[in-house]
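*Asks:* no letters, just coordinates:
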């Protein structure tokens, strides 16, 4: 895992792939993992709190915190899964189930702003990948990542919310282990594992939003939407 250092603060309209290409020497087969924050900033997915009028529901959920932030969360939510004011676990329009519908004030461009998830993280990943190939000639895989909590584990870990140029799931069903047992329900979330590995060299407070995973045998194609649990298989809904 190789951190990409020296990137400037990203603003709306910036060429993120151009910044990465200028800061890193890419090799064919690299997996470039980009924190969603800089993708969202470049795509204009930043909201000023002073432009938000909180609803009655937002004021109720705020529990003493800023109700404008809660209104931003409600605006990004397709469904509220659980609430313990001011904590909200929501399903986004993308199908992700996460805290605050992905709305986050950390590493925002300025005070009293929040950053939203990209409108279409898979499309963002594809655009960045194509642009990097145009600029560098290297065919790489691209992951857009974000930090998610897990209902049955403490702490957060980065996961892939967008990807291009790799197969996000490795299905081992039908394969046999070393003693001949046939696997029946083993699917590895490869894109999530790569996103989590890259986070080890990025850090939350180090202002390193991009990392390269080198040496993984990239294969296949797919999108991060494949990682979302289908509703009919979700035992927690």
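*Replies:* Yep, it's here. Keep in mind the model is a prediction, meaning the values are calculated, not measured.
*Asks:* what helices and strands are in contact with the longest helix seen in the chain?
*Replies:* Across the chain, the longest stretch assigned as helix under DSSP state H is helix 121-136. Using 3 or more Cβ pairs under 8 Å, 6 or more residues apart in numbering; DSSP states H and E, the elements in contact with helix 121-136 are helix 16-23, strand 31-35, helix 36-42, strand 141-150, strand 153-164. (Each C-beta comes from the backbone N, C-alpha and C, glycine too.)
*Asks:* what does the shortest one rub up against?
*Replies:* What it means is strand 31-35. 16, 20, 26, 125, 128-129, 132, 140-146, 158, 166, 194-195, 198-199, 202, 209-214, 216, 218 (Cβ atoms under 8 Å, 6 or more residues apart in numbering).
*Asks:* tell me the strands beside it, with direction?
*Replies:* The strands beside strand 31-35 in its sheet (DSSP bridges) come out as strand 141-150 (parallel), strand 210-213 (antiparallel).
*Asks:* how far off helix 121-136 does it point, in degrees?
*Replies:* Per axes from the mean of the first three to the mean of the last three Cα atoms, to 10 degrees, the angle that strand 31-35 makes with helix 121-136 is 120 degrees.
*Asks:* pLDDT (mean, whole number) over strand 31-35?
*Replies:* Strand 31-35 comes out with an average pLDDT of 98.
*Asks:* from now on call the first residue 803
*Replies:* From this message on, residue numbering opens at 803, which makes the last subject strand 833-837.
*Asks:* roughly how far out does it sit from the chain middle?
*Replies:* 10 Å (Cα atoms, centre = their mean, to the nearest Å).
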